[in-house]
Structures are given as structure tokens and as C-alpha cells.
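Generate a structure from the sequence data that follows.
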Amino acid sequence: MNSRRRSLLAAGVCAAAVALHHAPAVAYVDLPPVTVPNADAESALRALEDGLWLRALDGFPAALALQPSNPAFHGGAGFAYRKLGRMDPSFRHYREALAIDPNHRGAHEYIGEACLAVGEKDKAREHLERLEATCGRGCDEYRGLAAVIAAAR
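Numbering: from 1, shown residues only. I've put the predicted structure just below:
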């Protein structure tokens, strides 16, 4: 089981989310525990795992209404918006995730990818440097962003 999946499983989205313990395809990283039952978050996270970006965006607003300071929910919304090519809301959510948790590895990886998508390689490299300082060159998020930057050259 890779560390992204392990991060999702360890987060314990909530007691009712036992069904999420099956191998996700796109598991979002660094999910903190949900402190209250949040069916919208569960639905949004399942949609991310399945690559259903619009469905994920159906759940994140309500999930964030219950937990507005959850950086993983902002990061997940940013991820879905980015996959749909909607860069402005994507950046807005990634920045919110990083305002809440400046060391959120998933948000740094994915905002770096978003920066590359809009031609801002220097900003992508800044996020790569932040990941190196946060978790080193061996963490999945660093390696993922480094590979995308290398491929963009």
C-alpha cells in the first residue's frame, strides 16, 4: 500500500467512513481527521478517488461549511477545479489550504502542478523547494512535483 493511500486511511475521515479503507485510485494526501460526521466530505473524497471532478465539487462546499479550516478539503477542491481546467478557483483553494497549513504537502505539490499548467515554472520550483524543506526529496509529494517539473522542460 503506497503512502498516499496510507495517509487517507490513517486520517480516519470519520467513524462511518470505514468503506473508504479500500484502495483508492487517486487518494488525496494529508487528510486530517474529520471531527464531526461529514457525509459531504466522504462523498467528495470518493469522487476524487474515482476521478469524478464535478461530483467532488458537489460535496466540498458543504464539507467546508462544516469544517472551513480543513486544509485537505480546500486542497481537494483545488485539485478538482484544476483537473477541470478552472485555474482561478483552483489557486484560490490551494492558497487557502496553505494559509491554514503552510506545510501542507499535498497543497504544495498540486499548486506547483497548477503553476506549471499556467506557465509559471519559477513558482512551481518554489513549491518544490518548500516540499524539500518540509519533507525532503524522498517524500511522494516532492518526487511527484519534481517529475512533473522535469517533464515540463
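
where in the protein is pLDDT low?
1-37 (pLDDT under 70).

And the helices in it?
3-11, 39-50, 53-66, 71-83, 87-100, 105-117, 121-135, 140-151 (DSSP state H).

Any chance of CSV for the ones you listed, columns mean neighbour count?
For the C-beta atoms, the positions are set from N, CA and C on the backbone; glycine is no exception. CSV is the format used below for those (neighbours: other Cβ atoms under 10 Å):
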stretch, mean neighbour count
helix 3-11, 17
helix 39-50, 21
helix 53-66, 18
helix 71-83, 26
helix 87-100, 19
helix 105-117, 25
helix 121-135, 17
helix 140-151, 17
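
ok, the closest residue to Phe60 other than its chain neighbours to Arg137 distance?
Excluding its sequence neighbours, the residue lying closest to Phe60 (Cβ to Cβ, 6 or more residues apart in numbering) is Ala77, at 4.1 Å. Going from Ala77 to Arg137 by Cβ to Cβ, to the nearest Å gives 28 Å.

Does Tyr94 touch Gly76 like I think?
No. Counting by Cβ atoms under 8 Å, Gly76 is not a contact partner of Tyr94; they are 10.4 Å apart.

who touches both of those two?
Common contact partners of Tyr94 and Gly76 (Cβ atoms under 8 Å, 6 or more residues apart in numbering): none.

Could you pull up the residues touching His93?
Going by Cβ under 8 Å, 6+ apart, the list of residues near His93 reads 74-75, 77-78, 81.

Please disregard the earlier target; I meant Thr134.
103, 105, 108.

hmm, 7 Å instead?
By Cβ atoms under 7 Å, 6 or more residues apart in numbering, the residues touching Thr134 are 103, 105.

now the one 5 residues further on
Counting by Cβ under 7 Å, 6+ apart, Cys139 touches 105, 131.

cool, and the one 5 residues further on?
For Gly144, the contacting residues are Glu109, by Cβ under 7 Å, 6+ apart.

now it: how far from Gly59?
From Gly144 to Gly59 the distance is 24 Å (Cβ to Cβ).
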